[in-house]
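**Student:** Sequence and predicted structure below; questions after.
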Amino acid sequence: SHFPGKPKWQKTSLTYRVVNYTPDITNSEVDYAIAQALGLWSEVTPLNFRQIYTGEGDIMISFGYKDHGDFFPFDGPLGILAHAFSPSNGIGGDTHFDEDETWTLGNQGVNMFLVALHELGHALGLEHSRYEQAIMYPTLSDNAFVDPTKFKLFKDDVAGIQALYG
Ligand SMILES: O=C1CC=C(NS(=O)(=O)c2ccc(-c3ccccc3)cc2)CC1=O
Ligand SMILES: [Ca+2]
Ligand SMILES: [Zn+2]
Ligand SMILES: [Zn+2]
């Protein structure tokens with residue numbers, strides 16, 4: 001798949017831009033889910049993230065349907081929910097969400113915070129974990145409602161990101 005080698009960012013200050021938004025939840029809810037997800041990764045690494053609103057950021061976040069400009073078209077409701085590219089310049093780090101999903105911050109539909117936390121893990125260079133409690137586990141469990149302020153990274157997630165940036 002499109003996650004080459006074991007690349008990582010060669011800088012600790014990264015910028016991100018939410019290029020477009022979903023109609024399913026408010027723009028500030030999307031910004032909040034992304035900020036909370038990036039905050040969890042920055043808490044355990046030297047990485048810091050700044051949101052920009054124009055121009056080219058390291059991590060460009062967008063919502064798209066089916067063919068959305070890369071070689072990995074989405075597939076309509078359910079199935080693939082999102083994907084992210086491993087660190088590199090250009091499309092590296094970019095994180096795409098399938099607009100055919102119903103995005104939510106609750107547990108009706110697909111939880112934006114949980115999927116963003118997983119995909120942004122990939123955008124920082126993380127691979128999958130074999131522990132089902134880990135956010136980097138390959139499959140999303142039928143998550144009960146997750147309050148982003150109460151979420152804790154599993155030890156294997158922390159070990160993984162600190163192996164890259166610790
Ligand atoms: O590595 C991959 C390739 C396949 C993917 N499928 S997905 O979009 O349906 C998906 C599956 C699970 C998650 C997930 C797993 C654990 C916690 C949170 C989300 C996110 C997206 C997305 C992905 O990250
Ligand atoms: Ca889909
Ligand atoms: Zn894409
Ligand atoms: Zn994944």
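**Tutor:** All right, it came through fine. Ligands and ions are numbered 1, 2, ... in the order given.
**Student:** so where do the helices sit in the protein?
**Tutor:** Remark: helices assigned in the chain by DSSP state H are 27-43, 112-123, 155-165.
**Student:** The longest one to helix 112-123, inter-axis angle?
**Tutor:** Looking back up the chat, that one is helix 27-43. Helix 27-43 runs at 50 degrees relative to helix 112-123, counting by axes from the mean of the first three to the mean of the last three CA atoms, to 10 degrees.
**Student:** Tell me which residue of the chain lies closest to ligand 2.
**Tutor:** In the chain, the residue that lies nearest ligand 2 is D98 (3.9 Å; CB to the ion). Bear in mind the C-beta positions are built from the backbone N, C-alpha and C, glycine included.
**Student:** how about the strands of this protein, start to end?
**Tutor:** For the chain, the strands defined by DSSP state E cover 13-18, 48-51, 59-64, 82-84, 95-98, 103-104, 110-111.
**Student:** And for the third one, what's in contact with it?
**Tutor:** This points to strand 59-64. Residues from elsewhere that reach strand 59-64 (CB atoms under 8 Å, 6 or more residues apart in numbering): 14-22, 34, 49, 68, 74, 93-99, 103, 120, 123.
**Student:** ok, back up a step: now do the contacts for the closest residue to the residue of the chain closest to ligand 2 other than its chain neighbours.
**Tutor:** Residue nearest to D98 in three dimensions, not counting chain neighbours: F74, with 4.1 Å by CB to CB, 6 or more residues apart in numbering. Taking CB under 8 Å, 6+ apart, we find F74 in contact with 64-66, 68, 80, 96, 98-100.
**Student:** Nearest to Q162 among the residues you listed?
**Tutor:** Checking the contacts of F74 against Q162 by CB to CB gives H96 as the nearest, at 26.5 Å.
**Student:** can you pull the contacts of I80?
**Tutor:** 74, 98 are the contacts of I80 under CB under 8 Å, 6+ apart.
**Student:** how about a cut-off of 10 Å?
**Tutor:** 72-74, 96, 98, 100-101 (CB atoms under 10 Å, 6 or more residues apart in numbering).
**Student:** cool, M136 as well?
**Tutor:** Counted by CB under 10 Å, 6+ apart, M136 has contacts 117-118, 121-122, 126-130, 153-154, 156-157, 160-161.
**Student:** Which two among these are spaced furthest apart?
**Tutor:** The widest separation within the contacts of M136 (CB to CB) is 17.8 Å, between L117 and R130.
**Student:** Looking at those two, which is more packed in?
**Tutor:** Taking neighbours as other CB atoms under 10 Å, L117 and R130 compare with L117 leading, 25 against 9.
**Student:** Just confirm the more buried one contacts Y137, I think it does.
**Tutor:** No - assessed by CB atoms under 10 Å, L117 is found out of contact with Y137, at 11.5 Å.
**Student:** Cool, thanks, talk later.
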